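A.B. asks: Okay, predicted coordinates and the sequence, questions at the end:
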Amino acid sequence: MTETDLGLWAIPIAILGGAIRVSTPFMFVSLGEVLTERSGRFNLGLEGTLIFGAMTGYAAAYETGSPLIGIMAAALTGGLFGLFHGLVCSLPRVNDIAIGIALMLLGMGLAFFFGKPYIQPVAPDLPSIEFGWWSVIPQVKAALRVNVLFIVGIFAAIGLWWMFFATRIGLLIRVVGDSTSAAKAMGLRPVLIRTVATAIGGAFAGIGGAYLSLFYPGSWNEGISSGQGLMAVALVIFARWNPIACIWAAILFGGAGALGPALQSVGISDGYYLFYAAPYVLTLSVLIFTSSPTRAMAGAPGELSITK
């Protein structure tokens, strides 16, 4: 076996590299949804926010020549989507799930409409860190080429966990998410807190979208997302609304998404396309095994509509 011919070892190496690359948008969208749901609101519109963020980030990076400005633009538009969702859901007798679906369709439609001029142009990519510098094997080098947003996502998850469980702001968010009545009795403003949390959660999703268009797969097209925004909802349930657990859950979902390409890369062509369904099977399995008509989901905020 030569340095480039790894045999079956190429499969786990490819899955590792794919898991890191594919997990990053999962991580950002799930962190945004954790923040939103911890405040007692459910946002199904993050898929549309993700796609619109991908288009906005790519367009801004192309027009300015700076991927950093692209990320900032995606975060801004994602935050605006989240703010709009939060304001509309603050109105009486408005269902947050229905509004989320409507905003998902709106975000996708706007992205496809405004993004048509940017399908052909090439925007600058986000920088990466070469953690495989020590290896002479190209597959290992490629697997350990980690985008900076993956590192940022890990630190963001740690920061969110610390905020939730070690700061007054985190305590207020959790109180609002668990009981509106208790929050009002404490003199808090649940509507304001939920709206701000939903806006910041949308900004996280927008950054995840910018990663898709500016690094992996690294282009803008109308099929750029394969449902990461929706699958992230199942990921949050799987992680039990814990930001740290979202890191490992995102890597697991990313590994499932990388299974098909990894098999194809080593020449396994018979039925490999079935493994492309692995993320969706995993999502369905999580939703089935975490649902129960007799018990509440452990760790779920009490004000979430899915727990009532």
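C.D. replies: Yep, that arrived. Residues are numbered from 1 along each chain as shown.
A.B. asks: need the contact list for Val176.
C.D. replies: By C-beta atoms under 8 Å, 6 or more residues apart in numbering, the contact list for Val176 reads Ser39, Gly40, Ala183, Leu188, Pro190, Ile193, Arg194, Glu303. The C-beta positions use only the backbone N, C-alpha and C, and glycine is treated the same way.
A.B. asks: again, 10 Å this time
C.D. replies: With contacts defined as C-beta atoms under 10 Å, 6 or more residues apart in numbering, the neighbours of Val176 are 38-41, 182-184, 186, 188-194, 197, 301, 303.
A.B. asks: Next step: those residues restricted to helices.
C.D. replies: Among these, DSSP state H puts Arg38, Ala182, Ala183, Lys184, Pro190, Val191, Leu192, Ile193, Arg194, Ala197 in helices.
A.B. asks: can you put the residues you listed in CSV and add pLDDT?
C.D. replies: CSV is the format used below for the ones in helices among the contacts of Val176 (pLDDT from 0 to 100):
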residue, pLDDT
Arg38, 95
Ala182, 92
Ala183, 94
Lys184, 93
Pro190, 95
Val191, 95
Leu192, 96
Ile193, 96
Arg194, 96
Ala197, 97
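A.B. asks: got a winner among those residues for most neighbours?
C.D. replies: Arg38 (29 neighbours; other C-beta atoms under 10 Å).
A.B. asks: Okay, that one and Asp178: tell me how far apart.
C.D. replies: Using C-beta to C-beta, to the nearest Å, Arg38 is found at 9 Å from Asp178.
A.B. asks: Need the overlap of contacts for these two.
C.D. replies: Jointly contacting Arg38 and Asp178 under the rule C-beta under 10 Å, 6+ apart are Ala300, Pro301, Glu303, Leu304.
A.B. asks: per-residue pLDDT, the last one?
C.D. replies: Reported pLDDT at Leu304 in the predicted model: 81.
A.B. asks: Which positions in whichever helix or strand Leu31 is part of come out as buried?
C.D. replies: Using DSSP states H and E, Leu31 maps to helix 10-38. For helix 10-38, the neighbour count (16 or more other C-beta atoms under 10 Å) marks 10-11, 13-38 as buried.
A.B. asks: And stretch 103-120, by the same measure?
C.D. replies: Within stretch 103-120, the residues scored as buried using 16+ other C-beta under 10 Å are Leu103, Met104, Leu106, Gly107, Met108, Leu110, Ala111, Gly115, Tyr118.
A.B. asks: and the third one, what is it in contact with?
C.D. replies: Applying C-beta under 10 Å, 6+ apart, we find Leu106 in contact with Gly45, Gly48, Thr49, Phe52, Phe81, Phe84.
A.B. asks: Repeat that for the last one.
C.D. replies: Counting by C-beta under 10 Å, 6+ apart, Tyr118 touches Met55, Thr56, Tyr58, Ala59, Ala60, Ala61, Tyr62, Glu63, Ser213, Ser219, Trp220, Asn221.
A.B. asks: give me the low-pLDDT residue ranges for this structure?
C.D. replies: Confidence mapping of the chain against pLDDT under 70 gives the ranges 1-8, 265-273, 291-298, 305-308.
A.B. asks: how about the strands in it?
C.D. replies: Taking DSSP state E as the criterion, the chain contains strands spanning 128-130, 145-147.
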